[in-house]
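Participant: Just need the structure, nothing else, for what follows:
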Amino acid sequence: MEQIPNVPKEKFKLIHDENNNEQEKIGTPALTYLQDVRRRLFSNRVAVVCLILLTIIVLISIFAPLVAPHNPNAQQVTLSNLPPKLGNLNIPGFNGYQNMGGKMIDAYKEAGASKGSYYLLGTDYLGRDLLSRIIYGTRLSLVVAILATLVDLIIGVPYGIISGWKGGITDTVMQRIVEIVSSVPNLIVVILMMIVLKPGLGSIVIAIAITGWVTMARLIRAQTFQLKEQEYVLAARTLGESSSKIATKHLIPNLSSTIIIQTMFTIPNAIFFEAFLSFIGIGIPAPNASLGTLLSDGQKAFRFLPYQMWAPAIILSIIMIATNLLGDGLRDAFDPQSDD
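Facilitator: Got it, this is the predicted structure:
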């Protein structure tokens, strides 16, 4: 048998430290679920930009009495249909000049406006400041969206949890009710509310309350069917926990992602619904302003005064697009597998 030669210890070299600290070091810090959601959300640049835009719009709407330069309902007929003007800056489109008979004239001077007065987005056909009306109109549209969200949370979430948790005959009856409610068009409900109530914010909110919670209820029901078969829920039932405690401690926290995401899609739907009703003349009554009424007024003079329609249309588009993109970002943050 061949003898193995002795190799001196000097020929050996340790590759790692004796304690192997580098090998045992954790590469990334441990994160909770919410911290991981926040990290994924803020890594989505589009969602972050949309969040910033919506935050600015909401803050301006909240502090509308401080931000708005004029009373939104104050009428000055002599200053009607003035073009946008930004101080004394000679910026095309924002210098107060208007095309009259093929000639550019100073509309403010012709209307006899006081020296130094100007309107950033011009005035409407009654001489009301368009910027102030857009700020207050956005505020009212956001109020409708918030009320629609509250209806989703107060009616849709408990309804879906009860339907999915009970199952059987209870679920069958509750789902038939959902089908009946969802089969009635929103416009029909609004017209019926206008017969009973006066046209305005109240009838719109009630119409949304009657039909707007259906989608939330269906989504929560489907998720509850999955969650109630999980081990931690079965363990809680075995230990004698009541259904209400299981719902508050286990179901609602695990349904939070679905609730938040659906809420972000409810907001633009409610705003668009209110704008549509106001645009066709059965929404917010005069003299109150909303984005729908501003679009309706601007559409009448769009051929000659397009800025009166462009301004509210841009704000409405920003709110709709930003809310939907933020909703997509929240969906990807709460459920990373959703974008696969």
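Participant: tell me which strands and helices the helix or strand containing residue 321 is in contact with?
Facilitator: Using DSSP states H and E, residue 321 falls within helix 307-334. Contact partners of helix 307-334 among helices and strands, from 3 or more Cβ pairs under 8 Å, 6 or more residues apart in numbering; DSSP states H and E: helix 33-42, helix 45-62, helix 130-151, helix 252-279, helix 291-300. To be clear about C-beta, it is placed using only N, CA and C from the backbone, and glycine gets the same treatment.
Participant: C-terminal to the second one, what's the next element?
Facilitator: Yep, that's helix 45-62 we're talking about. helix 64-67.
Participant: What are the contacting residues of that following helix?
Facilitator: Residues outside helix 64-67 that contact it (Cβ atoms under 8 Å, 6 or more residues apart in numbering) are 60, 135-136, 139.
Participant: now that helix: how far from the chain's centre is it?
Facilitator: Computed by Cα atoms, centre = their mean, to the nearest Å, the chain-centroid distance of helix 64-67 equals 21 Å.
Participant: I'd like the mean pLDDT over it, please.
Facilitator: Averaged across helix 64-67, pLDDT comes to 88.
Participant: Check stretch 210-229 too.
Facilitator: Stretch 210-229 comes out at a mean pLDDT of 85.
Participant: now do stretch 309-317
Facilitator: For stretch 309-317, the mean per-residue pLDDT is 87.
Participant: and that stretch, which residues are buried?
Facilitator: 309, 311-313, 315-316 (16 or more other Cβ atoms under 10 Å).
Participant: still on that earlier bit, need the helices and strands packed on helix 307-334 in TSV with mean neighbour count, can you?
Facilitator: Formatted as TSV, these follow (neighbours: other Cβ atoms under 10 Å):
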stretch	mean neighbour count
helix 33-42	14
helix 45-62	15
helix 130-151	22
helix 252-279	20
helix 291-300	22
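Participant: Including distance to residue 201, could those helices go into CSV?
Facilitator: As requested, these are exported to CSV (distance: least, Cβ to Cβ, whole Å):
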stretch, distance to residue 201
helix 33-42, 33
helix 45-62, 15
helix 130-151, 7
helix 252-279, 9
helix 291-300, 12
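Participant: residue contacts, the closest residue to residue 308 other than its chain neighbours?
Facilitator: Excluding its sequence neighbours, the residue lying closest to residue 308 (Cβ to Cβ, 6 or more residues apart in numbering) is residue 298, at 3.8 Å. Taking Cβ under 8 Å, 6+ apart, we find residue 298 in contact with 305, 308-313.
Participant: how about residue 105, secondary structure?
Facilitator: On the three-state scheme (DSSP: H, G, I helix; E, B strand; the rest coil), residue 105 is labelled strand.
Participant: isn't it right up against residue 98?
Facilitator: Yes: between residue 105 and residue 98 there is a contact under Cβ atoms under 8 Å: 6.2 Å.
Participant: neighbour count winner among these two?
Facilitator: residue 98 (19 against 13; other Cβ atoms under 10 Å).
Participant: and that one, what element?
Facilitator: Taking DSSP H and E as the definition, residue 98 sits inside strand 97-100.
Participant: neighbouring strands for that strand, and are they parallel or not?
Facilitator: Sheet pairing of strand 97-100 (DSSP bridges) gives strand 103-106 (antiparallel).
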